[in-house]
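[1] Sequence and predicted model, in that order:
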Protein chains: 4
Amino acid sequence: MAQITAAEMERITREEVPYVGQLGVQFESIGDGTAVARIPVASADNLLRPGGTVSGPVMMGLADVVMYACVISRIGLQLMAVTTNLNANFLRRPSPVDILARGRLLKCGRRLAYGEVTIFSDGEEDDPACHVTTTYSLPPLPK
Amino acid sequence: MAQITAAEMERITREEVPYVGQLGVQFESIGDGTAVARIPVASADNLLRPGGTVSGPVMMGLADVVMYACVISRIGLQLMAVTTNLNANFLRRPSPVDILARGRLLKCGRRLAYGEVTIFSDGEEDDPACHVTTTYSLPPLPK
Amino acid sequence: MAQITAAEMERITREEVPYVGQLGVQFESIGDGTAVARIPVASADNLLRPGGTVSGPVMMGLADVVMYACVISRIGLQLMAVTTNLNANFLRRPSPVDILARGRLLKCGRRLAYGEVTIFSDGEEDDPACHVTTTYSLPPLPK
Amino acid sequence: MAQITAAEMERITREEVPYVGQLGVQFESIGDGTAVARIPVASADNLLRPGGTVSGPVMMGLADVVMYACVISRIGLQLMAVTTNLNANFLRRPSPVDILARGRLLKCGRRLAYGEVTIFSDGEEDDPACHVTTTYSLPPLPK
């Protein structure tokens, strides 16, 4: 079972990562090591590119918080978990519709968590706009 | 000689990449394949983390526009040059002061450009907060 | 349908990429944009680490030829397709048994192909040893 | 001062990483957090590509041991230091001459070390064939 709810995750995103939170990120589901989030195309149109499509930095910010959700869904709320690596491959320009991100942990050890996030325009999951892999460094456990 | 000025690059950042431009990015210098930019810590404080330090997505956005400046400083203004890969390694938390990014091209071929961007807190270039490598896909040349 | 057979791919690996081919790579299946290959733990034991586990460079070489197989399974034999980026994340030490790699294309455009390869010890696909993403640059099509 | 000599590093490469060691890697210099190594083009010609140029997997293996040398030049011999990420960008085909790799640490913390390795054909350092960034996970210090 996930250690955090979608509503809590939306609050954390707004308050702790406001640069991403301002985009109106909505968490659609959070499982044990998985998360799906949406950016409504209309919610932040002055930050998007002409035509409403999202830019690379928007997708990287979205991927970062989605992987953060995956990590804390597994280990519980740890504000000190920090991204150590984020590798984004941009595969095509997104369409001017809502964008979704689906993340999943591939490994969650004591010190490092690693996973992937696939970003796609709503209705086009088979032809993703961006694929991201991310490593988080986890804080030492209390003794 | 650079194919673009710092002032033109600041305008492009504000208008074409507003998600990054809202951070008040200032280009300090642009050479042939090199660029240095600054985010004043005070300019976007409601988007930064508590304490004023910049978050990972802010650094990735900054790296993306700095490498874009490096590319167009070499090949001239090409709005169709697009990032295909951005790999960010976060090395330490930045201090709550201005943040700088220094980028340089390592290769600029006909189809791909590749370079690195080092991000550091003002006065701490020897102990960088983030190191980024980026690939841009270049539009075909007119015949 | 795949544009190449497992047997042809094994021959290409031995002859064109001998540094990897010497490891005795066996292709178990090749589909349209997918491939699975195996390195028998006994086949190259003087090249492995003490205990028979494979080293990082062995896994990266394996990932590279598996993605090459994925690319040419889709576009046909193109010796001029070249790797432009390979990003490997090492998740745990492999066990001293055969190692397998499962690759799939996530995108295959006119100029770039991109995919992922998951490497795991035989019988442990749910706990991978390594996850790799790779970009190939494709040669221009004949007019 | 470096915590290891070039001669010791060559022995470690041959004995601990034989898949790379068989290429005849020669360490030319090791400093505090820096290392330069060479693969003589004639030393392993049956493993190279037609024409004698080195393949991608050869360059990645070389980069991995050069960064390993950088790490242990700083922290002393730690066989348990392991690569957690290696990101290789291939910029052009190397010429059929000796290949060199120059590595340097960008950060060496308690848990993670990070650095870059530039690979180039002898005499062509300004036009590199490959640029690699690597993260090593460091073993916990004895109490």
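    Perfect, thanks for sending it.
[2] The helix or strand bottoming out on mean pLDDT in chain A - contacts with which helices or strands?
    When the helices and strands of chain A are scored by mean pLDDT, DSSP states H and E, helix A:18-21 comes last with a mean of 91. The contact analysis (3 or more C-beta pairs under 8 Å, 6 or more residues apart in numbering or on different chains; DSSP states H and E) places helix A:18-21 against helix A:6-16, helix A:56-75, helix B:56-75. For the C-beta atoms, the positions are set from N, CA and C on the backbone; glycine is no exception.
[3] The same query, at a cut-off of 6 Å, please.
    With contacts taken as 3 or more C-beta pairs under 6 Å, 6 or more residues apart in numbering or on different chains; DSSP states H and E, helix A:18-21 sits against helix B:56-75.
[4] about what we covered before: hmm, who's touching the least confident helix or strand of chain A?
    Helix A:18-21 is contacted by residues A:Thr13, A:Arg14, A:Gly61, A:Val65, B:Leu47, B:Ser55, B:Pro57, B:Val58 when judged by C-beta atoms under 6 Å, 6 or more residues apart in numbering or on different chains.
[5] repeat for stretch A:4-13
    By C-beta under 6 Å, 6+ apart, stretch A:4-13 touches A:Gly21, A:Val25, A:Phe27, A:Ile30, A:Val65, A:Ala69, A:Ile72, A:Ser73.
[6] got JSON lines for those, with neighbour count and distance to D:Ala37 too?
    Converted to JSON lines, these look like this (neighbours: other C-beta atoms under 10 Å in any protein chain shown; distance: C-beta to C-beta, whole Å):
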{"residue": "A:Gly21", "neighbour count": "18", "distance to D:Ala37": "46"}
{"residue": "A:Val25", "neighbour count": "24", "distance to D:Ala37": "46"}
{"residue": "A:Phe27", "neighbour count": "22", "distance to D:Ala37": "48"}
{"residue": "A:Ile30", "neighbour count": "24", "distance to D:Ala37": "46"}
{"residue": "A:Val65", "neighbour count": "29", "distance to D:Ala37": "40"}
{"residue": "A:Ala69", "neighbour count": "31", "distance to D:Ala37": "42"}
{"residue": "A:Ile72", "neighbour count": "23", "distance to D:Ala37": "42"}
{"residue": "A:Ser73", "neighbour count": "24", "distance to D:Ala37": "43"}
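[7] which parts of chain A sit against chain B?
    Counting by C-beta under 6 Å from any C-beta of the partner chain, chain A comes close to chain B at A:17-20, A:47, A:55-58, A:60-61, A:64, A:83-90.
[8] By pLDDT, give me the weakest of the contacts of helix A:18-21.
    Among the contacts of helix A:18-21, B:Leu47 carries the weakest pLDDT, at 74.
[9] Kindly provide the distance from the residue lying closest to that one once chain neighbours are set aside to B:Val20.
    Leaving out its chain neighbours, the residue that sits closest to B:Leu47 by C-beta to C-beta, 6 or more residues apart in numbering or on different chains is A:Tyr19, at 4.4 Å. Distance of A:Tyr19 to B:Val20, given as C-beta to C-beta, to the nearest Å: 10 Å.
[10] do the same with A:Cys108
    31 Å.
[11] Show me which of the two is the more surrounded one.
    B:Val20 (29 against 18; other C-beta atoms under 10 Å in any protein chain shown).
[12] Quickly note the distance from the closest residue to that one other than its chain neighbours to chain D.
    The shortest distance from B:Val20 to any non-neighbouring residue, by C-beta to C-beta, 6+ apart, is to B:Gly61 (4.0 Å). Distance from B:Gly61 to chain D, counting by C-beta to the nearest C-beta, to the nearest Å: 20 Å.
[13] and B:Gly61, how many neighbours does it have?
    Residues near B:Gly61, counting by other C-beta under 10 Å: 29.
[14] wait, doesn't it sit right on A:Pro57?
    Yes: the pair B:Gly61 / A:Pro57 is scored as a contact, 3.6 Å apart, by C-beta atoms under 6 Å.
[15] Where does pLDDT dip in chain A?
    Along chain A, the parts satisfying pLDDT under 70 run over A:43-46, A:49-52, A:141-143.
[16] Mind telling me which residue of it is nearest chain D?
    Closest approach between chain A and chain D, counting by C-beta to the nearest C-beta: A:Asn85, at 5.7 Å.
[17] helices or strands up against the helix or strand harbouring that residue?
    Following DSSP states H and E, one finds A:Asn85 within strand A:82-90. On a contact count with 3+ C-beta pairs under 6 Å, 6+ apart, strand A:82-90 meets helix A:56-75, strand A:130-137, strand B:82-90.
[18] What's the separation between the residue nearest to A:Asp98 when sequence neighbours are not counted and B:Gln78?
    Closest residue in space to A:Asp98, ignoring its immediate chain neighbours: A:Asp122 at 4.3 Å, by C-beta to C-beta, 6+ apart. Using C-beta to C-beta, A:Asp122 is found at 30 Å from B:Gln78.
[19] Check the burial of the residue nearest to B:Leu47 by counting its neighbours.
    25.
[20] Repeat that for A:Ala7.
    Neighbours of A:Ala7 (other C-beta under 10 Å): 10.
[21] my read: A:Arg104 touches A:Val36, true?
    No: between A:Arg104 and A:Val36 there is no contact under C-beta under 6 Å: 9.7 Å.
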